[in-house]
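[1] have a look at this prediction, sequence included:
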Amino acid sequence: MPEGPAPVDWQGAPIDCAACHFRSRLRDGRCGQGWACAHDRYAKRIERFFVLNPDLADECLTAPYFETRMNAARVATLFRLPRLLDDPDPGVRAMAVLRLPVSHAQRRIKDPDRRVRIAVAHRLPVAEILPMLGDPDGYVRSIAARRADPGMLPILIGDEDPEIRRIAARRIGEGWLRRFVVDPDPLVRREAALRAPEDALEGYARDPDMRVRHAVAERAGIEIARHLAADPEDVIREVAQARLAQLEGARDVH
């Protein structure tokens, strides 16, 4: 059943099924105006056409309309896709990156469009992802930071984006967590405080932000718990006192 805008081609002209190279598909309902068409401007109808006719995708990889090429690339034969890594449209290039073997992703690591680099960040082997931790786009860096080996993450300690630093604080080796004590963002410091070893907690216990001190109070050793039991914030005193009682009770049992 027809849906969406009126069926016109990518340049806004009426669609002529009689002149279409694929008109034989009309007979068995595998295409139709306003429903499924490789030449339509409406992306959903193009997508449906290739779902119904995946065998025609290879023929459409050079179509003039980028939506047609991109949707054809979803189902086309893999060995025909490498040339699309140099397609003028970033959506087509990204689709090629996502479908091709990972060995091809390296070719587009410096692509000028973030959509392509996002696809690359998802596809690169972990051993090759280090350059993407320095990508100019924060979302690309965030994908790379979540996938990178923790040993690569120290270069993100000074990243300009606090969300990237939070990801680093969640995954970086414990030996680096004391470096976040001076981070300008309290949520980054809190993330580090949630994982920092006991010998690195003292700096976080004196943090000016109560959210950081609260995180410390929940996991502090006896000495730091005693310090936080006198915190000016009621909620932190309560958590620290409960933690202190837990630790002292455990010590008495042993």
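    Nice, I can see it.
[2] ok, now how distant is the closest residue to residue 152 other than its chain neighbours from residue 155?
    Of all residues not flanking residue 152 in the chain, residue 130 sits nearest, at 5.4 Å (CB to CB, 6 or more residues apart in numbering). Quick note: C-beta positions are derived from backbone N, CA and C, even for glycine. If you measure residue 130 against residue 155 using CB to CB, to the nearest Å, the figure is 8 Å.
[3] mind listing what the closest residue to residue 185 other than its chain neighbours touches?
    Distances taken as CB to CB, 6+ apart place residue 162 nearest to residue 185, at 4.0 Å, with adjacent residues excluded. Shown in contact with residue 162 (CB atoms under 8 Å, 6 or more residues apart in numbering): 183, 184, 185, 187, 188.
[4] ok, and the closest non-adjacent residue to the first one?
    Distance criterion CB to CB, 6+ apart; nearest residue to residue 183, sequence neighbours excluded, is residue 189 at 5.2 Å.
[5] list the contacts of residue 59.
    Taking CB under 8 Å, 6+ apart, one finds residue 21 in contact with residue 59.
[6] surely it forms part of a strand?
    No - Residue 59: not assigned to a strand; according to DSSP: H, G, I helix; E, B strand; the rest coil it is helix.
[7] picking up where we left off before, you'd agree the residue nearest to residue 183 is up against residue 213?
    No - Residue 189 lies out of contact with residue 213 (CB atoms under 8 Å); the separation is 9.9 Å.
[8] shared neighbours of these two, anything?
    Counting by CB under 8 Å, 6+ apart, the contacts common to residue 189 and residue 213 are 204, 207.
[9] quick revisit: my guess is the residue nearest to residue 183 is in a strand, correct?
    No - applying three-state DSSP, one finds residue 189 to be helix, outside a strand.
[10] quick one: contacts for it?
    Residue 189 makes contacts with 180, 181, 183, 204, 207, 209, 212, as judged by CB under 8 Å, 6+ apart.
[11] and the strands in this structure?
    Under the criterion DSSP state E, the chain contains no strands.
[12] least confident secondary structure element in it?
    Within the chain, no helix or strand scores below helix 234-253, which has a mean of 87 by mean pLDDT, DSSP states H and E.
[13] tell me which residues of that helix come out buried.
    Using 16 or more other CB atoms under 10 Å as the test for burial, helix 234-253 gives 236, 239, 240, 241, 243, 244, 247.
[14] for it, packing partners?
    helix 210-217, helix 222-228 (3 or more CB pairs under 8 Å, 6 or more residues apart in numbering; DSSP states H and E).
[15] so it versus helix 210-217, what angle?
    Taking axes from the mean of the first three to the mean of the last three CA atoms, to 10 degrees, one finds helix 234-253 and helix 210-217 inclined to each other by 10 degrees.
[16] just checking the distance from helix 234-253 to the centre of its chain.
    Relative to its chain's centre, helix 234-253 lies at 39 Å (CA atoms, centre = their mean, to the nearest Å).
[17] distance of residue 203 from residue 194?
    To residue 194, residue 203 is 14 Å away according to CB to CB.
[18] got the domain boundaries for this structure?
    According to automatic domain parsing, the chain comprises the domains 1-76, 93-148, 154-254.
[19] save those as a markdown table, and put in distance to residue 86 too.
    Output for the domains of the chain, formatted as a markdown table (distance: least, CB to CB, whole Å):
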| stretch | distance to residue 86 |
| --- | --- |
| domain 1-76 | 12 |
| domain 93-148 | 7 |
| domain 154-254 | 30 |
